[in-house]
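Engineer: Predicted structure and sequence below. I'll ask about it afterward.
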Amino acid sequence: MRQGSDVIDKVVVAYDTGKKLVRIIDLIFDQKRNQILGFLVAEKGLFRDAKVIPLQEVQAIGLDAIVVNSKESVVEAHRLPVIKEILHQNIVLRRKRILTTEGLNLGELVDLFFDEHSGLVEGYEVSGGIFADAYSGRSFVPAREALKIGYDVAFVPPETAQMMEEQVGGIRGAVHATGDRLQDSAETTNRRLQTAAQTVNEQLQSSVENVNRRLQEASQNASEQLLAATDATNSKLQDLNRDVAASLTNNLVDPAEQKVYVIGKHVERDVLTPDGNVLLLQGQLVTLIDAEAADRMGILDEVYRATGGSLTANISRNLQAATESTSNRIESVTMSSAANLRNSVDWLAAQIQQARGRRVLQTVRADDGLIIAASGQIVTESVLTRVQTFGKQAELLKAVGLNLATTARSTASDTWLETQAQLSDRASLAQENLNTFWQALKAKTEKLQGRSARAIKKQRIEQALGRPVTRVILDPEDNVILNVGELITHRAVSQAEESGVLNILLSSVYTKEPEISDKELRACEHGMAALAHHHNGRSQLESKSILVN
C-alpha cells in the first residue's frame, strides 16, 4: 500500500515519451466506495477546467515519480462524471476529527493508506484519540467500512473502535511494546537475524555460483585457448608480422604456461634467434636452458608454436578434474547450508506469528518504498502476508518491539558461524585442488629438467657435425677454432668444449642447404675412410670452406 502524503508533489512522467508532464496536487477520494479514484494535477480556474489522472492510467508509483501511459492520461475533470462530482463537493480529509457513530473520539485524521493498484483505502493515520501510541501520539484506524465525511467530523462504525480495543495491539499492546523497546539486545539480535536469514543465503549462493562459473570458465578457456594457439591459430600466425604473432600468442597463453609446455618437447621445425642464428634444430629436444634463452630473446612464443604436442589435453583434464571435485564438494556444502537456512527460516516464520495483533511502532517499507505496515497499524493476517511476500519479517519484528532473546541470538549466531566455516572449507578445497594441479605440473617440469645434459648435448652435436658455422668461433685467447663457413668437425667440437665456447659453436650452425655443383661434389682428396686414401690413411683435408648463402 501507499501513503497519501508520499504521493503529493511527485512528478508525473509519460511512459511513451519519457517526458515530465505535471506534479500531483491532491488525491481524489470517493467516500462512498472508500477508494482513491485518481489524482488532481491542475485545479480549476476561471477559464479552465481541473485536470486529473485516473488511477487506471497509472503504470507505477515509484519513490521519485509516477509513471503514466502517455500525455493523454492527463484529462479534464468534466470528462469523468464521478470525479467531477467529487471535486465539486470539495471534500477535505486532512485535519478532520474521526468519531464513531456513538461519539467515541479516535483522533484527528492526518493521512491515509491505499492500495496502489485498486485504490481501496486500507486505513487512516490519526493524531490523538484514545488509542494514540504513547510515543508517537498517533494510531492507525482500519478502513473496514465507508467513511462518512461531514463538514467538521468524519464518522466510522462503532465496530472499528471495538476491533482496535480488543486486539492485543491496543493500549495494552502499546505498553507491552514500550517495555520491549527498552531492551537493546532485541535490536542487536534482529540485525544479526536479518543478516543470517536474508543475506547469507544470497551470499553463499552467489559465492558457489561464482566459484563454479570461474572454474568452468578456466577449464574451457584453457582448453580453447591452448588448442587455438597450437592448432588453428598456428597456421594463420605464419603469415602475420612477428610482433603481432607474439602478442596474439601471449594473450592466448600465459608465457609461464608456454615455458612449462615446451620443456621436453621436440621442435617440428628450426627455430632461429632474432639475429638469424639457430637456437633449435628441427627434431631437437627443448631443455629448460633453451626455454629460458628463448624467453630472454622474446621468441618463446615461436618455440611454443613449433613444439605442438598433447599437453593441452593434460591441462584440460587436470582442470576438469579439479572442477568436478570442487563442484561435488561445493554441492554438498550448499545442501547442508541450505538445510540449516531452511530451519532458520522456519523458526523465523514461527516467531513472526507472535507479531499478530501488536501495534506497529515504526513504518515498515519495501525496497521500492511501498508501505508494508504503517506506524500505529495493528498487525493482521494481511499485514503478515505482505511482510512474507517482501521478505521483511525481521523488520516487522523490530517494528513491533518483540524481544527474540537467547533463542534468536543463538540460532542466528550458529547459522552464521556454520556458514562462515563452510565457505572457508569450500575456498580451501578449491585452493587445494588447484595447488595439487600446479604441483603436478611443477613435478613434471623438474623431471624434465633432470634429463641427462650429456644426452641433450650429444644430440645437438650430432645435428651440428658437418655443417658450416656462420661466424668466427674464438677461444678465450682469441685463437680461431673455426672461421666463417668452415665445417664443424669432432676436433672443433672438442676444442670448443675445452675452451668453454661449445654453446656459442652450437648456436652458430648454418642450417640452410648449400648450392653445390656437380663438379664440387667431387672432392680433390679422399677421406680417410674412403676406398682410396693417402698418407697412411690420414686425410690432409681438415675442413672445406663453402659459400654461405
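Structural biologist: Sure thing, it's come through.
Engineer: Tell me which helix or strand comes right after the lengthiest strand in the chain.
Structural biologist: Criterion DSSP state E: the longest strand present in the chain is strand 105-114. Tracing the chain past strand 105-114, the next element assigned as helix or strand by DSSP states H and E is strand 121-127.
Engineer: Report the mean confidence score over that next one.
Structural biologist: Strand 121-127 shows a mean pLDDT of 85.
Engineer: how big is the angle separating it from strand 105-114?
Structural biologist: Direction vectors for strand 121-127 and strand 105-114, defined by axes from the mean of the first three to the mean of the last three Cα atoms, to 10 degrees, enclose an angle of 140 degrees.
Engineer: which other helices and strands contact strand 121-127?
Structural biologist: Using 3 or more Cβ pairs under 8 Å, 6 or more residues apart in numbering; DSSP states H and E as the contact criterion, the secondary-structure elements in contact with strand 121-127 are strand 105-114, strand 138-142. From N, CA and C alone the C-beta is placed, and that goes for glycine too.
Engineer: low pLDDT regions in the stretch 101-250 of the chain?
Structural biologist: Within the stretch 101-250 of the chain, the stretches with pLDDT under 70 are 130-137, 144-146, 151, 163-208, 210-212, 214-250.
Engineer: Can you read off the backbone torsions of the nearest residue to residue 43 once chain neighbours are set aside?
Structural biologist: Counting by Cβ to Cβ, 6 or more residues apart in numbering, the nearest residue to residue 43 once its immediate chain neighbours are dropped is residue 50, at 5.6 Å. Geometry field for residue 50 lists phi and psi as phi -70, psi 150, criterion degrees, to the nearest 10.
Engineer: for residue 50, what are its contacts?
Structural biologist: Each residue near residue 50 by Cβ atoms under 8 Å, 6 or more residues apart in numbering is listed here: 40, 42, 43, 44, 76, 77, 87.
Engineer: want to throw the residues you listed into a markdown table with distance to residue 19, secondary structure and neighbour count?
Structural biologist: Supplementary listing: the contacts of residue 50 in a markdown table, determined by distance: Cβ to Cβ, whole Å; DSSP: H, G, I helix; E, B strand; the rest coil; neighbours: other Cβ atoms under 10 Å:
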| residue | distance to residue 19 | secondary structure | neighbour count |
| --- | --- | --- | --- |
| 40 | 20 | strand | 21 |
| 42 | 16 | strand | 16 |
| 43 | 22 | coil | 13 |
| 44 | 24 | coil | 16 |
| 76 | 20 | strand | 14 |
| 77 | 22 | helix | 22 |
| 87 | 26 | helix | 20 |
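Engineer: and which of the residues you listed is nearest residue 113?
Structural biologist: Using Cβ to Cβ, residue 40 is the member of the contacts of residue 50 that lies nearest residue 113, at 18.7 Å.
Engineer: now the nearest residue to residue 48 once chain neighbours are set aside, which residues is it bridged with?
Structural biologist: With Cβ to Cβ, 6+ apart as the measure, residue 42 is the residue that lies nearest to residue 48, at 7.6 Å, once sequence neighbours are left out. Beta-bridge partners of residue 42, counted by DSSP bridges, are residue 51.
Engineer: Isn't residue 42 up against residue 23?
Structural biologist: No. With contact taken as Cβ atoms under 8 Å, residue 42 and residue 23 are classed as non-touching, separated by 9.5 Å.
Engineer: Going along the chain, name the helices of the stretch 401-549 of the chain.
Structural biologist: Remark: helices of the stretch 401-549 of the chain, listed N- to C-terminal, are 405-449, 453-464, 490-499, 502-506; assignment by DSSP state H, counting those that start in this stretch.
Engineer: ok, back up a step: right, and the helices and strands packed on strand 121-127 - which one's nearest residue 6?
Structural biologist: Among the helices and strands packed on strand 121-127, strand 105-114 comes nearest to residue 6, with 9.0 Å by Cβ to Cβ.
Engineer: just checking, what packs against the closest one?
Structural biologist: Contacts of strand 105-114 with other secondary structure elements, assessed using 3+ Cβ pairs under 8 Å, 6+ apart, are made with strand 2-3, helix 4-7, strand 26-30, strand 97-100, strand 121-127, strand 138-142, helix 158-166.
Engineer: For the ones you listed, give me TSV that also has mean neighbour count and distance to residue 467.
Structural biologist: Rendered in TSV, the data for those read as follows (neighbours: other Cβ atoms under 10 Å; distance: least, Cβ to Cβ, whole Å):
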stretch	mean neighbour count	distance to residue 467
strand 2-3	20	90
helix 4-7	17	90
strand 26-30	20	98
strand 97-100	19	110
strand 121-127	23	97
strand 138-142	24	100
helix 158-166	16	107
